[in-house]
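J.: Here is the input, now give the coordinates:
(chains A, B, C and D)
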2 protein chains.
Amino acid sequence: MTKTFFEEINSNSPTGVAYKNVNLKKKVISYFANTGNATIAELGKELNLSIPKITSLLGDLIQDGLVRDHGKIDSTGGRKPNVYGLAPDSGFFLGIDVKRNHINIGLTDFQKNLVSSIEKYAYRLSNNEESLQELCQIINDFIKKLPIPKEKILGIGINLTGRINYSKGYSYSFFHFYEDPLSQVIESQVGIKVFLENDSRAMAYGEFCSGVVNNEKDVLFLNLDYGLGMGVMINGQLYYGKSGYSGEFGHMPLFQNEIICKCGKKGCLETEGSGWALIEMFKERIQAGATTLIAREGFKPEDLKLEDIIEAAQNDDVLAIELIAKVGEKIGRGIALLINIFNPELVILGGSLSSTEEYILLPIKSAINKYSLSLVNNDTQLKVSNLGEESGVIGACLLVRHRLLALEHI
Amino acid sequence: MTKTFFEEINSNSPTGVAYKNVNLKKKVISYFANTGNATIAELGKELNLSIPKITSLLGDLIQDGLVRDHGKIDSTGGRKPNVYGLAPDSGFFLGIDVKRNHINIGLTDFQKNLVSSIEKYAYRLSNNEESLQELCQIINDFIKKLPIPKEKILGIGINLTGRINYSKGYSYSFFHFYEDPLSQVIESQVGIKVFLENDSRAMAYGEFCSGVVNNEKDVLFLNLDYGLGMGVMINGQLYYGKSGYSGEFGHMPLFQNEIICKCGKKGCLETEGSGWALIEMFKERIQAGATTLIAREGFKPEDLKLEDIIEAAQNDDVLAIELIAKVGEKIGRGIALLINIFNPELVILGGSLSSTEEYILLPIKSAINKYSLSLVNNDTQLKVSNLGEESGVIGACLLVRHRLLALEHI
DNA sequence: ATAACTTATTAAAATTCTTTATTAAGTGGC
DNA sequence: GCCACTTAATAAAGAATTTTAATAAGTTAT
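T.: Here you go, the predicted model:
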């Protein structure tokens, strides 16, 4: 009985009562993680357990340092209850969000607080060994500068674009040079357990746990960036599909065009409605003589970044606004399709393109009205992400917590 | 403690231990319903309960007549265990599958056995009160002729095309004349609790429970008929979406054409790849002078039914085969899209068009290869429904069981 | 055919959990 | 400021479950 919760969770002797207690403790922690602090009575009702039982579970968890008594709160007349919640400093999680032209990196405590973070750290994602080494270097440097000891970091979550098999730790689109799973390779360089995740799914998770999602259970998160990604939450849980490749929103065959997509196929939504497509359209229009804030002195078309166009739009550049609307209309048709299929409660627009707010939102809305069944889309709210660039990092951290504790979602 | 399971399930006094026991009994019944008969030891392992506990739960359930001791089975060396399972005759469920030009109706026992059924009973679905009255009449007649007393029928499941709100019992596409939910209207005419369900979802459920689905947890079922419907199973459970309107496969906006769909929009998959579309194409070709087995003496284009074309194809009619392939190619693009989105383990082709087997399967397969990401579609098996016309009835019956017992899926 | 080994079931003991009762802590009306 | 009323937490009693042990019923090898 002197085992800590972490030992219990990994000990594979699920013998009757001990096993049940581990599960109950998981449920308690899950409740704290999802819903926040709670009183003994609340936990008792939620988990259908008696008050003495909850008291004893909390006692164990407090002894393990995972839970803390946060003192009394107001009652509705009567003795004030104590509230309990996760001990923030009982462990930390590192999240790394690898983008094409930069990295976001951050650390959360055992609750969902972002303790330390760097946004848009300079990094260029290339599919070669140097780029991987640089990534590991950045992680190690970040850890060194943290105000907490390395041992307190319980795990690292890394988001990458493309196909990721999260359970095996393989990445197929980037850094696929070794026999061993990429997660192991990085693990051996950093010395902390590593979990990989698809970037859009991690962003979605961040948004689910501490973003615009309130009580919605069936939610789509769209990552509108160079490519298009999607994270799906069904019945309050992330959906993976058989091997974790679900959500290939950008590669829905929606067009009958001859543009070859990055994936090798033709007609993908990404070929006409994505950051890539936006850049191509922009270049063409500039070459055709269109005027824009961007194409001033020394402008090189090959250096044009998505961020430049977004910035231009935010500075009222007419061409940028016009082309974003065009892209938005096509993405909107894709979203309309998804609404017909999923009948979701909420669709979240995230990714860098979503930061253009109304410029992309309006054409998407009108396309949804045009292309989806009204009875179905009446059910669906459409919101723009409120975590923005942070969603990936927070999602990565929280997913690590989720996996290490084998948490549940309510 | 003298309450039966059915009383317990509806008594809303979830006081501690009694509440837990009801839940455990549900789990036992769910296990029997999903997996079949089981020994005490198996149940103990599955539910993490001790053998004496399982023994006492089974004792109660046997006393209520829901469970029966089915005697001893072979062991792998050692004393032979008793197997327990649902008592088939402890209750029955009626399922009605309303198609456009006929009705399938059947009765299952408490296990999944189809006790009595009528396939393709003449009925013409029209959106008026006489048609509804006729439907009720057919149900009442069927009940009268059954070899079991009416009181033994615990509930009725009715499948309808179109948008159904299953939890409220409303049908929006058919029989929407009254204030009261349609389920209540029928209930008052028949005198047995009625549940409505979308036809494709019910067929999917039938296929999940006793069709081609083995252990797959993420499955898509496609109902290829006049229109196109879909039932989605995620993590072993039917997916509904916010209000039960999910799965509108036929109304995915995949085309840029000017054909007005039944839903009022343009460009839906159904306008070019569906039974409706097939009939239209067929008529056009006949009018353009094409030869076919169908267009013999006295042929009236307005009477052409989907079944006629399917039958012609099965008799090697070249035109039918050619046009089915054309429709299949378009449906295949839709399926490819779904594979990219869901990364399912299994896709099932059902509905009347699926009975053309290879004629529709091959073009669908080649479209999947053409339009979906190979890493993703490598994961996905494609199978043709093996229940055929029966899937709807069985699904309807089993869904009633599921709801009345508030069963779980494992 | 019998010993040695498996597996199932029942019985009794031990533990765990829930109930109920009691004490503690606080609110609000008069 | 006291009394009636709430709610919370603890303690003791009682009920329910799991453990352990014992018994029953088989199989397989020698």
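
J.: okay, CA-based contacts and neighbour counts for the rest of this
T.: Noted.

J.: Closest to the centroid, which residue in chain A?
T.: When chain A is reduced to its mean C-alpha position, the closest residue under Cα atoms, centre = their mean turns out to be residue A:203, at 1.8 Å.

J.: pLDDT on the helix or strand containing residue A:29, on average?
T.: Assigned by DSSP states H and E, residue A:29 belongs to helix A:16-35. Across helix A:16-35, pLDDT averages out at 88.

J.: For the residue nearest to the residue nearest to the centre of chain A when sequence neighbours are not counted, pull up the helix or strand it's in.
T.: In space, not counting the residues next to it along the chain, residue A:203 is nearest to residue A:392; the distance is 4.2 Å by Cα to Cα, 6 or more residues apart in numbering or on different chains. Under the criterion DSSP H and E, the helix or strand holding residue A:392 is helix A:390-405.

J.: what helices or strands is that helix leaning on?
T.: In terms of contact count using 3 or more Cα pairs under 8 Å, 6 or more residues apart in numbering or on different chains; DSSP states H and E, helix A:390-405 is assigned the packing partners strand A:92-98, strand A:102-108, strand A:153-160, helix A:199-210.

J.: can I get those in CSV with distance to DNA strand C and mean pLDDT?
T.: Output for the helices and strands packed on helix A:390-405, formatted as CSV (distance: least, Cα to the nearest atom of the strand, whole Å; pLDDT from 0 to 100):
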stretch, distance to DNA strand C, mean pLDDT
strand A:92-98, 29, 96
strand A:102-108, 32, 96
strand A:153-160, 28, 96
helix A:199-210, 29, 95
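
J.: Ok, which of those comes nearest DNA strand D?
T.: helix A:199-210 (26.2 Å; Cα to the nearest atom of the strand).

J.: contacting residues around that closest one?
T.: Contact partners of helix A:199-210, identified using Cα atoms under 8 Å, 6 or more residues apart in numbering or on different chains, comprise A:34, A:97-98, A:112, A:159-162, A:213-214, A:220-223, A:229-233, A:238, A:385-387, A:391-396, A:398-399.

J.: repeat that for 7 Å
T.: For helix A:199-210, contacts defined as Cα atoms under 7 Å, 6 or more residues apart in numbering or on different chains pick out A:159-161, A:213, A:221, A:223, A:229-231, A:387, A:391-392, A:394-396.

J.: Mind exporting the C-alpha coordinates of that helix to PDB?
T.: Coordinates of the C-alpha atoms in helix A:199-210 are reproduced here as PDB (Å, rounded to 0.1, in the frame of the first residue of the first chain):
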ATOM      1  CA  ASP A 199      -0.400  19.300 -35.300                       C
ATOM      2  CA  SER A 200      -4.100  19.900 -36.100                       C
ATOM      3  CA  ARG A 201      -5.200  17.300 -33.600                       C
ATOM      4  CA  ALA A 202      -3.100  18.800 -30.900                       C
ATOM      5  CA  MET A 203      -4.300  22.300 -31.600                       C
ATOM      6  CA  ALA A 204      -7.900  21.000 -31.500                       C
ATOM      7  CA  TYR A 205      -7.200  19.400 -28.100                       C
ATOM      8  CA  GLY A 206      -5.800  22.700 -26.800                       C
ATOM      9  CA  GLU A 207      -8.900  24.400 -27.900                       C
ATOM     10  CA  PHE A 208     -11.200  21.700 -26.500                       C
ATOM     11  CA  CYS A 209      -9.500  21.900 -23.000                       C
ATOM     12  CA  SER A 210      -9.000  25.600 -22.600                       C
END
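
J.: right, is the following helix or strand past it up against chain B?
T.: The helix or strand immediately downstream of helix A:199-210 is strand A:219-224, counting by DSSP H and E. No - under the criterion of Cα under 7 Å from any Cα of the partner chain, chain B is not reached by strand A:219-224; the shortest gap measures 9.3 Å.

J.: which residues are contacting strand A:219-224?
T.: Under the contact criterion Cα under 7 Å, 6+ apart, strand A:219-224 has outside partners A:200, A:204, A:229-234, A:274, A:344-354.

J.: chain center to stretch A:304-317, what's the gap?
T.: Offset of stretch A:304-317 from its chain centre (Cα atoms, centre = their mean, to the nearest Å): 24 Å.

J.: How about stretch A:291-309?
T.: Centroid separation between stretch A:291-309 and its chain, computed with Cα atoms, centre = their mean, is 30 Å.

J.: One more: stretch A:32-41?
T.: Averaging C-alpha coordinates over stretch A:32-41 and over its chain gives two centres that are 23 Å apart (Cα atoms, centre = their mean).

J.: Then stretch A:216-224?
T.: On the basis of Cα atoms, centre = their mean, stretch A:216-224 sits 10 Å off its chain's mean C-alpha point.

J.: can you check stretch A:370-383 too?
T.: When C-alpha coordinates are averaged (Cα atoms, centre = their mean), stretch A:370-383 and its chain have centres 24 Å apart.

J.: Residue A:333 in helix, strand or coil?
T.: Look at residue A:333: counting by DSSP: H, G, I helix; E, B strand; the rest coil, its state is helix.

J.: Could you measure from it over to DNA strand D?
T.: 50 Å (Cα to the nearest atom of the strand, to the nearest Å).

J.: and that residue, what is it in contact with?
T.: The contact partners of residue A:333, taken as Cα under 7 Å, 6+ apart, are A:367-368, A:371.

J.: Including secondary structure, could the residues you listed go into TSV?
T.: Conversion of the contacts of residue A:333 to TSV gives the following (three-state DSSP):
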residue	secondary structure
A:367	helix
A:368	helix
A:371	helix
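
J.: what number of residues lie near the residue in the stretch 51-200 of chain A positioned nearest to DNA strand D?
T.: Using Cα to the nearest atom of the strand, the single residue of the stretch 51-200 of chain A nearest to DNA strand D is residue A:78, 2.7 Å away. Burial of residue A:78 is recorded as 7 neighbouring residues (other Cα atoms under 10 Å in any protein chain shown).

J.: so which strand or helix has it?
T.: Using DSSP H and E, no helix or strand contains residue A:78.

J.: In a strand, residue A:293, correct?
T.: No - the assignment for residue A:293, made by three-state DSSP, is coil rather than a strand.

J.: give the contact list for it.
T.: By Cα under 7 Å, 6+ apart, the contact set of residue A:293 is A:312, A:317.

J.: Report the contact partners of residue A:302.
T.: Neighbours of residue A:302 in contact, by Cα under 7 Å, 6+ apart: none.

J.: Go through the contacts of helix A:199-210 and say which is closest to DNA strand C.
T.: Within the contacts of helix A:199-210, distances to DNA strand C taken as Cα to the nearest atom of the strand reach their minimum at residue A:213, with 31.8 Å.

J.: Much appreciated, bye for now.
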